[in-house]
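*Asks:* Take a look and give me a structure for this.
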Amino acid sequence: MAVLSRCSRAATAATTRTQTATATFSCILRALSPSFCSSSALNSETDLSNKKPAVLGTLKREPTGRNVQWVFLGCPGVGKGTYASRLSNLLGVPHIATGDLVRDELASSGPLSSQLKEIVNQGKLVSDEIIIELLSKCLEAGEAKGESGFILDGFPRTIRQAEILEGVTDIELVVNLKLREEALLAKCLGRRICSECGGNYNVACIDIKAENGRPGMYMAPLPPPPQCATKLITRADDTEEVVKERLRIYHEMTQPVEEFYRSRGKLLEFDLPGGIPESWPKLLRALNLEYHEDKQSAAA
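*Replies:* So this is what the prediction gives:
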């Protein structure tokens, strides 16, 4: 009865077309969330400024058997997909990236393709209605495969999305990745995709010198293998004008979401110190996960 009641409340809060997608989304999340009915380990009344979310102190350090329900926040291009995907593999839970869902829909020439193309090329955020519809499809497919737990990447981006998600499942932890703006802009403009295999690479070599008490930062390029080197293309939305507009909209829409989770004691702020070799082991330690050095993995 509690499940049906919460599904109903989530659906009632949305517009007519979004109601169906939200109801589907919420009910599928129930199936993927084995700990939904358990009480939260966090106290939303606690002042958690400058503190780690309490849930990190309750989790075992071994990655196996951790059926997590996490969210990754961060500006476009910060590396949410990279780190969420690595954690997905480590923890054995699905990584659900709304950016990938949008790009897959664009490539499919489906019913939303033309609408999405205009939105993405202008650097605007995709509407709640479309995102929930795409997530519902993805979660339904995951449920059919027997998946449980998840790491959401790129959702929620608005307070309304956060409220819908809060109403239908118990998010344990929200990781907010941060990167200095000059590095972020260079990283976005350096992104390249192989037109044949779809691999993601980056040609930017970011070398920011230390000054005025701020530490330096080095992020090496992520070059393609030889077979992809002549097939690289730039995403249509990776122009300086579009990237800056995307970042402006992100900060305007998503900073309230950060506060939403901060006030509930679920937000972990993580400043990326550099590229993957520097950031990955530090992120694992911040998440209270055992770090077993793997040079090949760290350099990937």
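*Asks:* the strands in the stretch 1-150 of the chain, which residues?
*Replies:* 69-73, 95-97, 150-153 (DSSP state E, counting those that start in this stretch).
*Asks:* in its sheet, what does the second one sit against?
*Replies:* Here the strand partners of strand 95-97, with direction, are listed using DSSP bridges: strand 150-153 (parallel).
*Asks:* try the longest one
*Replies:* Its sheet considered, strand 69-73 pairs with strand 150-153 (parallel), strand 173-178 (parallel) by DSSP bridges.
*Asks:* Next, the contact list for residue 97, please.
*Replies:* 80, 81, 84, 85, 153, 154 (C-beta atoms under 8 Å, 6 or more residues apart in numbering). Placement of C-beta: from N, CA and C, glycine included.
*Asks:* how far away is it from residue 203?
*Replies:* Distance, residue 97 to residue 203, by C-beta to C-beta, to the nearest Å: 22 Å.
*Asks:* repeat for residue 231
*Replies:* With C-beta to C-beta as the criterion, residue 231 and residue 203 are 13 Å apart.
*Asks:* ok, now residue 263?
*Replies:* 40 Å.
*Asks:* cool, and residue 79?
*Replies:* Distance from residue 79 to residue 203, by C-beta to C-beta: 16 Å.
*Asks:* which one of these two has more residues nearby?
*Replies:* Neighbour totals were compared for residue 79 and residue 203, and residue 79 leads with 23 against 14 (other C-beta atoms under 10 Å).
*Asks:* The chain: helices as residue ranges?
*Replies:* 2-12, 16-32, 80-91, 98-108, 113-121, 128-144, 159-168, 181-189, 240-262, 276-286, 295-299 (DSSP state H).
*Asks:* Would you mind giving these as JSON lines with mean neighbour count added?
*Replies:* Shown next, in JSON lines, are these (neighbours: other C-beta atoms under 10 Å):
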{"stretch": "helix 2-12", "mean neighbour count": "15"}
{"stretch": "helix 16-32", "mean neighbour count": "19"}
{"stretch": "helix 80-91", "mean neighbour count": "20"}
{"stretch": "helix 98-108", "mean neighbour count": "17"}
{"stretch": "helix 113-121", "mean neighbour count": "14"}
{"stretch": "helix 128-144", "mean neighbour count": "19"}
{"stretch": "helix 159-168", "mean neighbour count": "19"}
{"stretch": "helix 181-189", "mean neighbour count": "18"}
{"stretch": "helix 240-262", "mean neighbour count": "16"}
{"stretch": "helix 276-286", "mean neighbour count": "18"}
{"stretch": "helix 295-299", "mean neighbour count": "11"}
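*Asks:* nearest to residue 72, of those helices?
*Replies:* With C-beta to C-beta, the closest approach to residue 72 among these belongs to helix 80-91: 4.5 Å.
*Asks:* for the closest one, what is the average pLDDT?
*Replies:* For helix 80-91, the mean per-residue pLDDT is 92.
*Asks:* what's the answer for stretch 101-108, then?
*Replies:* 86.
*Asks:* Show me the contact partners of that stretch.
*Replies:* 112, 113, 116, 117, 120, 126, 130, 131, 134, 135, 137, 138.
*Asks:* now it, how far from the chain's geometric center?
*Replies:* 17 Å (C-alpha atoms, centre = their mean, to the nearest Å).
*Asks:* Spatially central, which residue of this protein would that be?
*Replies:* residue 153 (1.9 Å; C-alpha atoms, centre = their mean).
*Asks:* Could you check the pLDDT of the residue of the chain most remote from its centre?
*Replies:* Computed with C-alpha atoms, centre = their mean, the residue of the chain farthest from its C-alpha average is residue 212, at 31.9 Å. Predicted confidence (pLDDT) at residue 212: the value is 86.
*Asks:* Angles on the backbone of it, please.
*Replies:* Backbone torsions of residue 212, given as degrees, to the nearest 10, read phi 50, psi 40.
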